[in-house]
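Colleague: give the three-dimensional model of this entry:
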Amino acid sequence: MKRTLGLCFLTLTLLGIPAVTAANHSPNAADEQLGVSNGAQYAMFVPAAWNGRLVLWAHGFVDPAAPIALPDAQPPDVAPWLVELRESLLAAGYAVAYSSYAENGWAVKDGAERTHELQGLFRSRFGIPTHVYVGGRSLGALITAFLAETHPAEYQGALALCGPLGGGRLETDYIGNVRVLFDFFFPGVIPGDVVHVPPMEYSPSAPVVKAIVAAILAEPHKAVQLASVDQIELPYRTLTELVLSIVRPLGYNIRGTNDILARTGGQSPYGNVGTWYTGLLLYDPTVNAGVGRFVAQPGGLQYLDDYYRPHGTLSIPLLTLHTTMDPDVPFFHEAALAKIVAAARTSKWLAQQSVQRYGHCNVTPAEVMLTLGRLVNWAEHGAKPASGDVTAQLALESPESAVSTAAAMVNTEFGFTKVILSGATGVPLP
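Modeller: So this is what the prediction gives:
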């Protein structure tokens, strides 16, 4: 039966016709619809005991070379997390909808449009929800902030997890600085430079990834110096985390640069001509004399301002949650967002919470459910949650979640140690 439904969905997708199925994609859905709209796949689910609330979910960055696919399937390492969150939401009575977007890469504009249009698609199939919340992870968190600021009348609240909420330019500067500093400390390891990136695979078994890890392991003191530069301050406590904190941002440079340039007409948003790198004391002049220098171009800067730098013009609750040791989207984005919102005098609509933990958005679906509950209580009853560290609070409210997170970290450490001992040099990627 499921094979037949899958074939029907594929046929309808190729024809561009929405595919309506009985609930079989989700065990907790009483009804669902899968389809295609404006070049994007979408999926919508309603539980048997629907509480009237709808959660629209915006997914994060997907490799531009990857196929367009629903976020419950792609990327494969994040998809199980989303499936668990979806099923938790449905079990709690929420309806859920999400889209593949019609584009991968830095798809803020398209992602916002495709996520926003889910409201109309949902209403036409299931009726009008009583409350609509928008949420997202990583790049999807920036899309969430975009929608909260541009369509506040159509959402009751927004939940942004570990997003580049200080804006695209701030994130691009971080990724670019990691690349130019890596090229200074480990010259010749990666082909090209921060702006000129030849096509190459970036998977655990790819030659460039092996070369990067091998270079770090051969001269770890240089990696420590790189991570200590004030302008990036890479988070780490162990060798595993040090390697991951270098490999992961480099992956965004290698996989994402040409995507950005295609969107900006070839104009790069990265520039470091006026940057004086600090943090290494007497070695600072050597670094600054030897590091590659690049000029940001107006078209690139404008594009990332448009898609997107938050304006701070909030008029609905926005609750953020961020891991403090995030190597992909640094925690300093939260301070940047708070400053933007304060300048717009809308701080009453922003609450920012953090978890003392290493990893990009290393929070569990159970913890997201607790955080969403706080957002709903704020939006519907006026109880604004306190900003600040909630590590202990989440552990108390969801002890099984804390245990699973700790176990995952131990497995990561053990797995990476095995990789080193076996002589391999691949590491997990986003």
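
Colleague: C-alpha coordinates for stretch 217-232, PDB please?
Modeller: The C-alpha trace of stretch 217-232 is given here as PDB (Å, rounded to 0.1, in the frame of the first residue of the first chain):
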ATOM      1  CA  LEU A 217      46.300  16.600  13.500                       C
ATOM      2  CA  ALA A 218      49.800  17.100  12.200                       C
ATOM      3  CA  GLU A 219      50.100  20.600  13.800                       C
ATOM      4  CA  PRO A 220      47.400  21.000  16.400                       C
ATOM      5  CA  HIS A 221      49.200  24.000  18.000                       C
ATOM      6  CA  LYS A 222      48.400  25.900  14.800                       C
ATOM      7  CA  ALA A 223      44.700  24.900  15.100                       C
ATOM      8  CA  VAL A 224      44.700  26.200  18.700                       C
ATOM      9  CA  GLN A 225      46.200  29.500  17.500                       C
ATOM     10  CA  LEU A 226      43.600  29.800  14.700                       C
ATOM     11  CA  ALA A 227      40.700  29.100  17.200                       C
ATOM     12  CA  SER A 228      42.100  31.700  19.600                       C
ATOM     13  CA  VAL A 229      41.700  34.700  17.200                       C
ATOM     14  CA  ASP A 230      39.200  37.100  18.700                       C
ATOM     15  CA  GLN A 231      37.300  37.600  15.500                       C
ATOM     16  CA  ILE A 232      36.100  34.000  15.400                       C
END
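
Colleague: in it, what's buried?
Modeller: Ala223, Gln225, Leu226, Ala227, Val229, Ile232 (16 or more other Cβ atoms under 10 Å). C-betas here are computed from N, CA, C, even on glycine.

Colleague: contact partners for the fifth one?
Modeller: The reference is to Val229. Asn177, Leu181, Tyr277, Thr278, Gly279, Leu280, Val287 (Cβ atoms under 8 Å, 6 or more residues apart in numbering).

Colleague: first to last residue in stretch 200-215, what's the distance?
Modeller: Counting by Cα to Cα, to the nearest Å, you get 18 Å between the two ends of stretch 200-215.

Colleague: roughly how far out does it sit from the chain middle?
Modeller: Centroid separation between stretch 200-215 and its chain, computed with Cα atoms, centre = their mean, to the nearest Å, is 22 Å.

Colleague: list the buried residues for it?
Modeller: Tyr202, Ala206, Val208, Val209, Ala211, Ile212, Val213, Ala215.

Colleague: and the second one, how far from Ile190?
Modeller: As for Ala206, its distance to Ile190 is 11 Å (criterion: Cβ to Cβ, to the nearest Å).

Colleague: and what of the fourth one?
Modeller: Going from Val209 to Ile190 by Cβ to Cβ gives 10 Å.

Colleague: return the helix or strand in this structure with minimum mean pLDDT.
Modeller: In the chain, no helix or strand scores lower on mean pLDDT, DSSP states H and E than helix 2-15, which sits at a mean of 30.

Colleague: could you dump the buried residues of stretch 217-232 to TSV with pLDDT?
Modeller: As requested, these are exported to TSV (pLDDT from 0 to 100):
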residue	pLDDT
Ala223	98
Gln225	98
Leu226	98
Ala227	98
Val229	98
Ile232	97
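
Colleague: quick one: the strands in the stretch 251-400 of the chain?
Modeller: Applying DSSP state E, counting those that start in this stretch to the stretch 251-400 of the chain gives strands spanning 318-325, 350-358, 388-389.

Colleague: which strands and helices sit next to the longest one?
Modeller: Spelled out, it's strand 350-358. When contacts are defined as 3 or more Cβ pairs under 8 Å, 6 or more residues apart in numbering; DSSP states H and E, strand 350-358 packs onto strand 318-325, helix 332-343, helix 365-381, strand 388-389, helix 391-397.
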